[in-house]
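Novice: Structure for this input, please:
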Amino acid sequence: MLVNRGWLILGIIWTVLFAGMSFYWAMGGMLGVRSLGGAIYEMSLDPEPSFVRIVWLTGFVKLLGALLLLLLLVSWKNAVIAKALYYLAKLAGVFLFMYGFLNFITISMSAFAMLDMDLEAHATFWRLVFWEPFWMIGGICYFFSVKKYRSV
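Specialist: Just a heads-up that it's a prediction; the model follows:
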């Protein structure tokens, strides 16, 4: 498997930043939470312990993405493992990009009153300018972190 180190390093940095946001919020930080809008923002104002646990858990789950990218740096002798990691990175990239892209479309439709998503203008702005493009950038990093698969 051939890795693209530049995209892979960007992907790891993206993932650590993304997980770091969750850890910051799980510790009670509020910077940026309003930009998420909706129920997440409402729950963060007076969080239940179960909500805080979920935010911690999402941070650790996000770090699994960095582990995936780090595993791409290993020269695997087992072709099945190498191929599985290759396709997992590609699949993760497609999922992350599509998640951001589809959210971008639906939030845009909400901004033009085609859908009712109950997001305030502040959250709509930040979701369209930062959050959804951030997801798409992560997807691009993961997708291009591996150039092509070749047998070992």
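
Novice: Every contact and neighbour count from this point should use C-alpha atoms.
Specialist: Will do.

Novice: burial count for Lys148?
Specialist: Counted with other Cα atoms under 10 Å, the burial measure for Lys148 works out to 13 neighbours.

Novice: From the opening residue of stretch 67-79 to its closing one, how far?
Specialist: Criterion Cα to Cα, to the nearest Å; first-to-last residue distance in stretch 67-79 is 19 Å.

Novice: Could you check it and say which residues are buried?
Specialist: Leu68, Leu69, Leu72, Trp76 (16 or more other Cα atoms under 10 Å).

Novice: can you give me how far it is from the chain middle?
Specialist: Distance, stretch centre to chain centre, for stretch 67-79: 21 Å (Cα atoms, centre = their mean, to the nearest Å).

Novice: Now do that stretch: everything it contacts.
Specialist: The set of residues that contact stretch 67-79 without belonging to it, under Cα atoms under 8 Å, 6 or more residues apart in numbering, is 3, 8, 11-12, 82, 85-86, 89, 142, 145-146, 151-152.

Novice: burial measure for the spatially closest residue to Phe125 that is not a sequence neighbour, as a count.
Specialist: Computed as Cα to Cα, 6 or more residues apart in numbering, the closest residue to Phe125 that is not its neighbour in sequence is Ser35, at 7.9 Å. Per other Cα under 10 Å, the neighbour tally for Ser35 reads 20.

Novice: can you check the one 3 residues further on too?
Specialist: A count of neighbours around Gly38, defined by other Cα under 10 Å, yields 15.

Novice: what's the following helix or strand after the helix or strand where Gly93 lies?
Specialist: Following DSSP states H and E, one finds Gly93 within helix 79-111. Helices and strands here follow DSSP H and E; after helix 79-111, the next one along the chain is helix 121-126.

Novice: after that next one comes which helix or strand?
Specialist: Scanning the chain past helix 121-126 towards its C-terminal end, the next helix or strand to appear is helix 132-144 (assignment: DSSP H and E).
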